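> fold the following and give me the result.
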Amino acid sequence: MIDESTPSNARKFVAIIGCGFVADLYLRSIELHTEVDVVGVFDIDRDRLKAFCAYWDLKSFGELEALLAELPEDGVVLNLTSPAAHYEVTRACLEFGRHVYSEKPLATEVDQALELVDLARSRNLLLAGAPCSYLSEAARTLDQAIDHDLCGPVRLIYAELDDGYIPQAPHHLWMSESGAPWPYEDEMRTGCTLEHAGYVLTWMIAIFGSIKSITAFSTTTIDKKLDPDCKTPDTSIGIIHFEAGQILRLTITIVAPHNHQVLITGDKGTLSLDETWDNYAKVKYRKRFRIRRRLMESPIAKRLRLHQRQDGARVAKRGSSKMNYFLGPNEMLRFLKYGGDNLASSDLALHTTEATLVLQNAGVTSTTHTMRTRCDPLPLHKYGMSGT
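Okay, the predicted model is just below:
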């Protein structure tokens with residue numbers, strides 16, 4: 001994975017902890033960033049570690065500390081372990097003095113996530129978290145349209161993260177490129193809300209800023225064929241009130257048919273896209289107008305284009321998504337080398353984690369939750385405009 005044409009002082013380094021199903025998606029995304037080297041991999045499952053490193057021709061490490069010692073101080077650890085391990089692994093890496101990018105969520109408790117962010121700041125380290133699709137061309141195009149007031153002041157957002165009736169899917173056949181099975185049991189115990197809410201929340205928080213309050217409902221509606229004690233919600237519905245005034249209705253399930261649409265309504269018309277898991281999804285604008293006694297949105301949508309587009313290789317569709325999983329870590333690496341605005345924000349990761357946990361833990365008699373954390377809007381239009 002070394003490109004000899006890139007000067008040595010411009011190279012970037014990452015270390016991978018955890019080589020399960022998602023790790024292959026990261027490796028395919030890293031291939032698009034030829035200036036990045038993977039110094040090595042660690043996993044407590046030694047058989048899985050051996051198979052993964054053999055497939056990708058990477059160096060394996062038998063101890064976490066040995067891998068962290070190999071990573072340069074301006075490198076980034078990718079914490080790709082299971083959600084239950086995120087807190088402990090990230091804490092160990094921060095205590096060793098290494099910057100960390102964690103898969104979602106930062107932690108399974110808000111207090112733990114706050115602790116990690118405070119620890120990183122106290123040691124002048126970067127900490128960020130997945131998902132990073134808010135840095136995608138589609139999300140930035142949406143941000144650009146809103147920033148330019150194309151649809152007028154935004155009043156209401158409808159967003160869906162419905163993934164189909166997953167327990168009935170042939171998930172036992174889902175394998176990663178290097179042979180890791182899709183972790184059905186862990187996914188069901190973690191829950192679709194913790195796994196997926198960030199794919200909308202990060203976009204909306206990055207664009208509109210802090211959430212003021214959340215009123216939510218979550219419940220278990222189907223039998224996931226696990227033990228009776230597994231009551232993790234498979235459906236969450238939230239009404240999210242942003243400090244700037246916008247209202248987001250977000251639905252997350254593994255029951256309803258696949259639907260990842262976003263519809264944004266403003267005073268002048270609507271903005272929409274069909275698939276948040278596609279980095280290059282078409283963002284469409286429909287202007288509102290009157291014909292005699294009727295009020296309607298244009299039946300013909302205008303496709304919007306990003307002013308500052310990024311050229312180069314694009315990630316291929318794999319499974320249900322077309323996402324570059326390395327946009328976030330690469331932004332951290334760019335900031336470490338070149339400075340400027342760091343759009344891989346710990347505030348965003350923390351605020352998203354809190355909001356996700358509110359949705360997950362709401363139950364069937366939820367009261368309105370006032371947010372403890374904050375995140376200012378991010379200048380998404382600046383992504384990729386300085387450094388490599």
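> helices of the stretch 251-388 of the chain, residue ranges please.
Assigned by DSSP state H, counting those that start in this stretch, the helices in the stretch 251-388 of the chain fall at 327-338, 346-360.
> Thr235: which of those helices is closest?
helix 346-360 (10.4 Å; CB to CB). Bear in mind the C-beta positions are built from the backbone N, C-alpha and C, glycine included.
> burial measure for Ile264, as a count.
25 (other CB atoms under 10 Å).
> contacting residues for the closest residue to it other than its chain neighbours?
Distances taken as CB to CB, 6 or more residues apart in numbering place Leu271 nearest to Ile264, at 4.3 Å, with adjacent residues excluded. Residues near Leu271 by CB atoms under 8 Å, 6 or more residues apart in numbering: 142, 145-146, 150-151, 263-264, 283-285, 304.
> drop anything exposed from those residues.
142, 145-146, 150-151, 263-264, 283-285, 304 (16 or more other CB atoms under 10 Å).
> next step: those restricted to strands.
Applying DSSP state E to the buried ones among the contacts of Leu271, the entries found in strands are 263-264, 284-285.
> what's the closest of those to Arg91?
After measuring these against Arg91 - CB to CB - the closest member comes out as Ile264, at 37.5 Å.
> about what we covered before: just the ones in strands among the buried ones among the contacts of Leu271 now: which is nearest Ser122?
Closest to Ser122, out of all of these and judged by CB to CB, is Ile264, at 38.2 Å.
> how close does the closest one get to Ser298?
Counting by CB to CB, to the nearest Å, the separation of Ile264 from Ser298 is 15 Å.
> what's the first-to-last distance across stretch 70-81?
19 Å (CA to CA, to the nearest Å).
> in that stretch, which residues are buried?
Result for stretch 70-81 [16+ other CB under 10 Å]: buried residues 71, 75-81.
> cool, stretch 42-50 as well?
Neighbour-count burial for stretch 42-50 [16+ other CB under 10 Å]: 42-43, 48-49.
> picking up where we left off before, filter the buried residues of stretch 70-81 down to just the ones in strands.
76-79.
> how about these in JSON lines, adding pLDDT?
As requested, these are exported to JSON lines (pLDDT from 0 to 100):
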{"residue": "Val76", "pLDDT": "98"}
{"residue": "Val77", "pLDDT": "98"}
{"residue": "Leu78", "pLDDT": "98"}
{"residue": "Asn79", "pLDDT": "98"}
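> can you redo the residues you listed as a markdown table with distance to Pro105?
A markdown table is the format used below for these (distance: CB to CB, whole Å):
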| residue | distance to Pro105 |
| --- | --- |
| Val76 | 18 |
| Val77 | 17 |
| Leu78 | 15 |
| Asn79 | 11 |
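> which of the residues you listed lies closest to Lys322?
For those, the nearest to Lys322 is Leu78 (20.2 Å; CB to CB).
> give me the domain ranges for this protein.
Domain assignment for the chain by automatic domain parsing gives 8-129, 137-316+345-382.
> quote the end-to-end distance of the longest one.
Taking CA to CA, the span from the opening residue of domain 137-316+345-382 to its closing residue is 12 Å.
> helix, strand or coil for His241?
strand (DSSP: H, G, I helix; E, B strand; the rest coil).
> helices of the stretch 1-150 of the chain, start to end?
21-30, 46-56, 64-70, 86-96, 110-122, 137-147.
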